[in-house]
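A.B. asks: using only what follows, build the 3D model:
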Amino acid sequence: GSKLVQWCAYCGNLYAAAAQDITICPQARIVVDSRGKVLARHSPVRRWDLTRYLQALRAQRYTWREIYWHMWGTLLILKCTRCGLYFPICQLAHCSYHTRDPVFAMGENRGSYPCCKAPVLRFNS
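C.D. replies: The predicted model follows:
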């Protein structure tokens, strides 16, 4: 069912509900749990519907094959052997390691890497 797949209210991306506790949302509000762990989790859009999402992709003339690989790449979660973070396979080319340090505006928790403009959190779990 659609509860296996969610749409994040923060970053606007699909994510596997089962991976919500291990993946990081780059746009999420940062929270520190009772054990001191910094968290930035996806938050589901309450009335989002997987069936309507798939129908919208078909209406945009995506083939069922393209939709399958889109969903597969979004829902298959891997663990990076370099940094230990979990990520969807569709982000395989977006390693957390960059050649230059991220840039943050004064007092901001969100910033970006100058090399690729990828978003980054100052405090990461």
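
A.B. asks: in three-state terms, label residue 34 for me.
C.D. replies: Under DSSP: H, G, I helix; E, B strand; the rest coil, the three-state class of residue 34 is coil.

A.B. asks: what separation do you get for it and residue 73?
C.D. replies: Applying Cβ to Cβ, to the nearest Å, the value for residue 34 to residue 73 is 34 Å. Where you see a C-beta, it was placed from the backbone N, CA and C, and this is true even at glycine.

A.B. asks: likewise for residue 53?
C.D. replies: From residue 53 over to residue 73 (counting by Cβ to Cβ), the distance is 15 Å.

A.B. asks: and for residue 65?
C.D. replies: Counting by Cβ to Cβ, the gap from residue 65 to residue 73 is 13 Å.

A.B. asks: neighbour count winner among the two?
C.D. replies: Between residue 65 and residue 73, residue 73 has the larger neighbour count (other Cβ atoms under 10 Å), namely 14 against 8.

A.B. asks: where does this protein dip in pLDDT?
C.D. replies: Counting by pLDDT under 70, the chain has low-confidence residues at 1-2, 82, 94-99, 124-125.

A.B. asks: which stretches of it form helices?
C.D. replies: Assigned by DSSP state H, the chain shows helices spanning 50-59, 64-75.

A.B. asks: so which residue is dead centre in this structure?
C.D. replies: A centroid search over the chain (Cα atoms, centre = their mean) returns residue 25, at 4.7 Å, as the residue closest to the centre.

A.B. asks: what sits against it?
C.D. replies: Contacts of residue 25 were listed using Cβ atoms under 8 Å, 6 or more residues apart in numbering, and they are 8, 10, 11, 15, 40, 41, 42, 43.

A.B. asks: can you pick the most crowded of those residues?
C.D. replies: Most neighbours among the contacts of residue 25, by other Cβ under 10 Å: residue 42, with 25 neighbours.

A.B. asks: how much space between that residue and residue 61?
C.D. replies: For residue 42 relative to residue 61 (Cβ to Cβ), the value is 28 Å.

A.B. asks: do the same with residue 6
C.D. replies: According to Cβ to Cβ, residue 6 stands 25 Å off from residue 61.
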